[in-house]
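Chemist: could you work out the structure for the sequence below:
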Amino acid sequence: MLQAVPEHAAPSSPVDPVTSLAPTPPPDGRCAAIRADGSPCQAAPMSSGLCWVHDPRRTEERAAASRKGAALTKQRREVDLSALKIDLGDRQKLKRLMSDLVEANLQGKLSSSSLTAITGILNAAIKLAQIEAEVRLAALELRLEDEERARRGGRP
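Modeler: I've put the predicted structure just below:
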């Protein structure tokens, strides 16, 4: 293992190779690393002068976080929405569905973005059902007015 020894340190003193070889962070408070595309990293540095992503001492932490994220993604796939049938005419079933979706989100089985998308679709479907009900009601009112007019002999 190669170690850099600062000029002011005694040759026998142990030196942390990561911090001793790490570049000094730029004065703007950004990570000192250069990204793969050649641009400077814009993340905030840690004590090493490097951000969490570029600090080689964080390799295990990054791997653990990646595994945890993969496990959550897999767990979220456990909710099968493919067979989801919604009867907007049955308020109890609709309430139960919404409750189940929120519970799945709270348990980590359904992402917040998926819940938001499903809620948006449900809201649009509910609004459509309301409009259809209003149209049916207006048609019934017109029919009732016509029947009432016919009973009076066509007089207003």
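
Chemist: what are the boundaries of the helices in this structure?
Modeler: All helices of the chain, identified by DSSP state H, fall at 17-21, 59-76, 91-106, 112-151.

Chemist: relative to helix 112-151, how tilted is the third one?
Modeler: Compare the direction of helix 91-106 with that of helix 112-151 by axes from the mean of the first three to the mean of the last three CA atoms, to 10 degrees and you get 170 degrees.

Chemist: quick revisit: among the helices of the chain, which comes closest to Leu50?
Modeler: helix 17-21 (8.2 Å; CB to CB). C-beta: built from backbone N, CA, C; applies to glycine.

Chemist: residue ranges in the chain under the pLDDT threshold?
Modeler: In the predicted model, the chain carries pLDDT under 70 at residues 1-27, 71-84, 86, 88, 154-156.

Chemist: change it to 50
Modeler: Under the criterion pLDDT under 50, the flagged ranges of the chain are 1-13, 15-20.

Chemist: give me the domain ranges for it.
Modeler: 17-72, 82-151 (automatic domain parsing).

Chemist: most tightly packed of these?
Modeler: Greatest average neighbour count among the domains of the chain goes to domain 17-72 (a mean of 13), per mean count of other CB atoms under 10 Å.

Chemist: dump the helices of the chain to TSV, plus distance to Cys51.
Modeler: Shown next, in TSV, are the helices of the chain (distance: least, CB to CB, whole Å):
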stretch	distance to Cys51
helix 17-21	13
helix 59-76	11
helix 91-106	31
helix 112-151	26
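
Chemist: out of the ones you listed, which comes closest to Gly49?
Modeler: helix 17-21 (7.4 Å).

Chemist: tell me the contacts of the residue nearest the centre of the chain?
Modeler: The chain has Ser113 as the residue nearest its centroid, 4.4 Å off, counting by CA atoms, centre = their mean. By CB atoms under 8 Å, 6 or more residues apart in numbering, the contact set of Ser113 is empty.

Chemist: looking at it, Cys31 is touching Ala44, isn't it?
Modeler: Yes: with contact defined as CB atoms under 8 Å, Cys31 counts as touching Ala44 (7.1 Å).

Chemist: intersection of neighbour lists for those two?
Modeler: Overlap of the contact sets of Cys31 and Ala44 (by CB under 8 Å, 6+ apart) consists of Cys51.
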